[in-house]
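Peer 1: Sequence and predicted structure are below.
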Amino acid sequence: MLVKTYGSAVFGVDALTITIEVSIGGGNKYHIVGLPDNAIKESLRRIESAIQTTGLRMPRQKIVVNLAPADIRKEGSAYDLPIAIGILAASGQLEDLKLSDYFIMGELSLDGGLQPIKGALPISIQARASGFKGFILPKDNSREAAIVSELDVYGMKTLAEVIDFFNGKQQFDPVIVNTRDEFYHNVSSYEQDFSDVKGQQNIKRALEIAAAGGHNLILIGPPGAGKTMLAKRLPTILPPLNLQEALETTKIHSVAGKLNALDALMTERPYRSPHHTISDMALVGGGVNPQPGEISLAHNGVLFLDELPEFKRSVLEVMRQPLEDRQVTISRSRLSVAYPASFMLIASMNPCPCGFYNHPEKECICGPGIVQKYLSKISGPLLDRIDLHVEVTPVNFNELASMQPAEKSAVIRTRVMNARTFQDRRFEQQQGIHYNAQMSPNMVRNICDIDDAGRSLIKRAMEKLGLSARAYDRILKVSRTIADLAGSEKICLEHLAEAIHYRSLDRERWTG
């Protein structure tokens, strides 16, 4: 007898419908075909134990399982459940009348329990797009799958429950998640706040500018100056995720298996902070079975690289293309997948190996040329993609012990959102451009228009401060954001002057 069940394979952040065909006939061997990986080939042993534990029998006949389309490689243990249901239906132990209406996915334990799977959200989206009535999957994944409307999602704990569902012995209620209520109830509920940071007003200002224009930023300062503490609070002043961004972000984390059973929809902007020992593959994504890397997990959020010079040169260089294209493409011999990677890069570093170069009180003990060698670990092309270079100085005791309340993140975020409103209107006709940092060089010339006094100021700055030519566009972009924060239609001299101030690493005292 031939029975068909339906599941899905995830490629990148999208899914494809897979038909699981089960045929039972004469013979006594088990076969799984359709380019399965080792996890799928091993599934029949798990399935046999789960079926027997449930009190049913595993057929002692020839079983052929085909995963169609047969020319696409299938990976992972999530096909255990649809194969088991197909075997039971083909052997007459389960009613097959409703099988064509449902996607079925789940990993089986030997005792018949259902273990969580990866990619439940994109699979659920594919189930609705393919016209299926519902989706049956492990209970731990049910809330993220139930985000998709017009699809009945059933979270099951065991194989026995799935069998009872199809045999009509037990009624189950679909999982209901009100996506909009879930989103608006939890949006931007951060534990950290900028009011926790004492002093550092100039650094807070730089982070506000970075948030308002989507600019990449690097913090340079001695150990203990508060670089990491400030970076952790940057997501709290970014505009809240809109519903579309929340769905995009949740989909990526679903594919990576980073959501827990209580998560339905991600409502906070991601903050990823990988250790400096990370490999280039872990950062951008990849592997034998391609998975999203840290830059994709930071999509619509912040990627913080602490102690930037300590990262391997090859790791830093692979970020150059994603920083420009805002997506990363992973190519293999048989497939190519693309992951979105629109993130803000925030980096921090000590100014030298000892950490006290340019310190107001402590003396640097690094020898001649050591500072330049340390800074040269960061390549010019990567540094060119960082708009703001900010020097962080230690907080003095009076500021640290002050009881005066600092400005809250909510207040700063309001100013950032007002500036983003200007940019939304400015780029409403531009496809894929949402904030100032995304402007092309041609757009910079048209939008960031400055008068003769402004051009004279930039010229003097480049000559006297030793600024490089690559800093020119960055200064104009940042000055446009500063003008937006001030509510100004034009870029004024004070906006340019402040933007010039944020090019520390281009100055002669840093480079020579």
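Peer 2: Arrived safely.
Peer 1: who touches the closest residue to residue 29 other than its chain neighbours in this structure?
Peer 2: Distances taken as Cβ to Cβ, 6 or more residues apart in numbering put residue 62 closest to residue 29, at 5.6 Å, once the chain neighbours are dropped. Bear in mind the C-beta positions are built from the backbone N, C-alpha and C, glycine included. With contact taken as Cβ atoms under 8 Å, 6 or more residues apart in numbering, residue 62 is in contact with 24-31.
Peer 1: Now which of these would you call buried?
Peer 2: Buried members of the contacts of residue 62, counted by 16 or more other Cβ atoms under 10 Å: 24, 30.
Peer 1: Identify, from the contacts of residue 62, the entry nearest to residue 452.
Peer 2: residue 31 (78.8 Å; Cβ to Cβ).
Peer 1: ok so that closest one is a strand residue?
Peer 2: Yes - the assignment for residue 31 by DSSP: H, G, I helix; E, B strand; the rest coil puts it in a strand.
Peer 1: My guess is it contacts residue 61. True?
Peer 2: No - contact criterion Cβ atoms under 8 Å: residue 31 and residue 61 do not qualify, at 11.8 Å.
Peer 1: can you give me the helices for the stretch 301-450 of the chain?
Peer 2: Remark: helices assigned in the stretch 301-450 of the chain by DSSP state H, counting those that start in this stretch are 313-317, 320-325, 370-375, 380-383, 397-401, 409-426, 441-447.
Peer 1: mean pLDDT lowest for which of those?
Peer 2: With a mean of 71, helix 397-401 has the lowest mean pLDDT of those.
Peer 1: For residue 153, what are phi and psi?
Peer 2: phi -110, psi 130 (degrees, to the nearest 10).
Peer 1: scratch that, residue 119
Peer 2: phi 80, psi 30.
Peer 1: likewise residue 247?
Peer 2: When quoted as degrees, to the nearest 10, the phi and psi of residue 247 stand at phi -70, psi -40.
Peer 1: what about it, neighbour count?
Peer 2: 18 (other Cβ atoms under 10 Å).
Peer 1: list the buried ones in stretch 235-248?
Peer 2: Buried, per 16+ other Cβ under 10 Å, within stretch 235-248: 235-241, 245-248.
Peer 1: for those, which one is nearest residue 492?
Peer 2: Nearest member of those to residue 492, counting by Cβ to Cβ, is residue 237, at 23.8 Å.
Peer 1: ok, now which ones touch that closest one?
Peer 2: 194, 207-208, 211, 409, 412-413, 416.
Peer 1: would CSV of these with neighbour count be doable?
Peer 2: Shown next, in CSV, are those (neighbours: other Cβ atoms under 10 Å):
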residue, neighbour count
194, 23
207, 27
208, 22
211, 28
409, 24
412, 23
413, 20
416, 23
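Peer 1: For the strand ranked longest in the chain, what is the distance to the chain centroid?
Peer 2: Longest strand of the chain, by residue count under DSSP state E: strand 14-25. The chain centroid and the centroid of strand 14-25 are separated by 30 Å under Cα atoms, centre = their mean, to the nearest Å.
Peer 1: Buried residues of that strand, list them for me.
Peer 2: For strand 14-25, by 16+ other Cβ under 10 Å, it's 14-18, 20-24.
Peer 1: that older thread, in TSV, list the contacts of residue 237 along with distance to residue 296.
Peer 2: As requested, the contacts of residue 237 are exported to TSV (distance: Cβ to Cβ, whole Å):
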residue	distance to residue 296
194	27
207	23
208	26
211	21
409	26
412	27
413	25
416	24
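Peer 1: Just the closest of those to residue 307, please.
Peer 2: Once Cβ to Cβ is applied, the member of the contacts of residue 237 that ends up nearest residue 307 is residue 207, at 18.7 Å.
Peer 1: ok, the residue most central in space within the chain - contacts?
Peer 2: Geometric centre of the chain, nearest residue: residue 297, 2.2 Å, by Cα atoms, centre = their mean. With contact set as Cβ under 8 Å, 6+ apart, residue 297 has these partners: 252-253, 256, 258, 270, 272.
Peer 1: Tell me, what's the model's pLDDT at it?
Peer 2: For residue 297, the pLDDT comes out at 95.
Peer 1: Give me the phi and psi for it.
Peer 2: Per degrees, to the nearest 10, the backbone of residue 297 is at phi -70, psi -20.
Peer 1: so how far is residue 365 from it?
Peer 2: Computed as Cβ to Cβ, to the nearest Å, the residue 297 to residue 365 distance reads 39 Å.
Peer 1: before we move on, what about residue 351?
Peer 2: Separation of residue 351 from residue 365 (Cβ to Cβ): 13 Å.
Peer 1: Mind checking which of those two has more residues around it?
Peer 2: residue 351 (23 against 12).
Peer 1: How about the contacts made by the residue nearest to that one when sequence neighbours are not counted?
Peer 2: Counting by Cβ to Cβ, 6+ apart, residue 351 lies nearest to residue 357, which is 4.0 Å off, once chain neighbours are set aside. Contacts for residue 357 (Cβ under 8 Å, 6+ apart) come out as 351, 364, 366, 371.
Peer 1: circling back: can you list the helices of the stretch 301-450 of the chain in TSV and add distance to residue 136?
Peer 2: Below are those laid out as TSV (distance: least, Cβ to Cβ, whole Å):
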stretch	distance to residue 136
helix 313-317	41
helix 320-325	36
helix 370-375	56
helix 380-383	47
helix 397-401	57
helix 409-426	41
helix 441-447	49
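Peer 1: So which of those helices is nearest residue 98?
Peer 2: Ranking the helices of the stretch 301-450 of the chain by proximity to residue 98 (Cβ to Cβ) places helix 320-325 first, at 44.2 Å.
Peer 1: Residues contacting that closest one from elsewhere in the structure, which ones?
Peer 2: Against helix 320-325 from outside (Cβ under 8 Å, 6+ apart): 216, 284, 295, 328, 341, 345, 381-382, 385.
Peer 1: one more time with 10 Å
Peer 2: 216, 283-285, 293, 295-296, 303, 327-329, 338-343, 345, 379, 381-382, 384-386, 438 (Cβ atoms under 10 Å, 6 or more residues apart in numbering).
Peer 1: Neighbouring strands - and their directions - for the longest strand of the chain?
Peer 2: Sheet pairing here is set by DSSP bridges, and for strand 14-25 it gives strand 2-11 (antiparallel), strand 62-68 (antiparallel).
Peer 1: how far is the helix or strand following the shortest one from where the chain is centred?
Peer 2: Next in sequence after strand 62-68, counting helices and strands by DSSP states H and E, comes helix 80-90. On the basis of Cα atoms, centre = their mean, helix 80-90 is displaced by 35 Å from the centre of the chain it belongs to.
Peer 1: how about the CA coordinates for helix 80-90, as CSV?
Peer 2: Output of helix 80-90 as CSV, limited to C-alpha atoms (Å, rounded to 0.1, in the frame of the first residue of the first chain):
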residue,chain,number,x,y,z
ASP,A,80,10.9,11.1,11.8
LEU,A,81,7.2,11.9,12.5
PRO,A,82,5.9,12.1,8.9
ILE,A,83,7.7,8.9,8.1
ALA,A,84,6.3,7.1,11.2
ILE,A,85,2.7,8.3,10.4
GLY,A,86,3.2,7.2,6.8
ILE,A,87,4.3,3.7,7.9
LEU,A,88,1.4,3.3,10.3
ALA,A,89,-1.1,4.5,7.6
ALA,A,90,0.4,2.2,4.9
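Peer 1: show me where pLDDT drops low in the stretch 251-400 of the chain?
Peer 2: Along the stretch 251-400 of the chain, the parts satisfying pLDDT under 70 run over 261-262, 397.
Peer 1: residues making contact with the strand or helix carrying residue 45?
Peer 2: Per DSSP H and E, residue 45 falls inside helix 43-53. Outside helix 43-53, the residues that touch it by Cβ under 10 Å, 6+ apart are 30-32, 36, 39, 56-59, 63, 65, 76-81, 83-88, 91, 93, 107-115, 158-160, 163.
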